[in-house]
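Peer 1: Any chance you could fold what I've pasted below:
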Amino acid sequence: MSKKYSIAALIIAGALSASAGLKIGDEMVDTHVKMESTDDATLSLAQLKGEKGTLVIFTCNKCPFVEAWQDTMVELGNTYMKKGISVVFINSNDPAAKGDTLENMKAMAKKEGYKFPYLQDATSEVARNFGAKKTPDVFLFDANAKLVYQGAVGDGGTTPSDDVWLADALEALLAGTEIKPAQTKAVGCSIKFR
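Peer 2: You can find the predicted model right below:
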């Protein structure tokens, strides 16, 4: 195979693997990766796994979709932390592209009242391996770290409705009932990958 074709094959393979991401029923990935937290800790998803489940939301500091859903996400996060669901927000944006520096993340977490970790994905690899592409992009795992819900927080884009799919998924997970829908389309700003 010529060098020209081998490079093209690598690019195609990389695009396919980046777009694959996690599917419902898949196990959480990158649990060992250490990420800096806004509370000056270095944490991994393995350390943060919840007794009854783990909610991972890829988010950022500046995005109209995140801003629209911020109050709902924080309220759900702070509420379900108390119910045995670990909650983790991850920022995978390149800080040079959007100003998503760790210092800005710290200010955001304090201002919005996060009672859960907000981590910086320093290489964007965690987002890539999850298959996260938007902010916000939700991944809810059960107690065995299997993906049970993925997609949007709820219906409405930048105009949130009362149809909060994530709240329904969290309640179904705790009740041990089927999550419907288990997957929705994440709508938001594109992650500014490093």
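Peer 1: for this protein, where's the lowest mean pLDDT among helices and strands?
Peer 2: Taking all helices and strands of the chain together, the one with the lowest average confidence (mean pLDDT, DSSP states H and E) is helix 3-20, at a mean of 39.
Peer 1: Which strands or helices does the following helix or strand past that one pack on?
Peer 2: Moving toward the C-terminus from helix 3-20, the next helix or strand (DSSP states H and E) is strand 35-37. For strand 35-37, the elements it packs on are strand 42-43, strand 118-120, judged by 3 or more CB pairs under 8 Å, 6 or more residues apart in numbering; DSSP states H and E. (C-beta placed from N, C-alpha, C; glycine too.)
Peer 1: tell me which strands and helices the first one is in contact with?
Peer 2: Applying 3+ CB pairs under 8 Å, 6+ apart, one finds that strand 42-43 makes contact with strand 35-37.
Peer 1: So what are the sheet partners of the strand it packs on and their directions?
Peer 2: Strand 35-37 pairs in its sheet with strand 42-43 (antiparallel), strand 118-120 (antiparallel), by DSSP bridges.
Peer 1: got a list of what the residue lying closest to residue 145 once chain neighbours are set aside touches?
Peer 2: Of all residues beyond its chain neighbours, the one nearest residue 145 is residue 28 (4.3 Å), with distances taken as CB to CB, 6 or more residues apart in numbering. Going by CB atoms under 8 Å, 6 or more residues apart in numbering, residue 28 touches 22, 45, 49, 54, 56, 139, 141, 145, 146, 147.
Peer 1: got the contact list for stretch 155-164?
Peer 2: Surrounding stretch 155-164, the residues in contact under the criterion CB under 8 Å, 6+ apart are 64, 65, 67, 68, 69, 72, 76, 153, 154, 165, 187.
Peer 1: Return the member of those nearest to residue 193.
Peer 2: For the contacts of stretch 155-164, the closest approach to residue 193 (CB to CB) belongs to residue 65, at 17.2 Å.
Peer 1: Make sure I have this right: that closest one is in a helix.
Peer 2: Yes: remark: residue 65 belongs to a helix, assigned using DSSP: H, G, I helix; E, B strand; the rest coil.
Peer 1: residues touching it, list them.
Peer 2: By CB under 8 Å, 6+ apart, the contact list for residue 65 reads 134, 135, 136, 157, 158, 187, 188, 189.
Peer 1: quick one: the strands in this protein?
Peer 2: Assigned by DSSP state E, the strands in the chain fall at 35-37, 42-43, 53-59, 85-91, 118-120, 134-135, 137-142, 147-151, 189-190.
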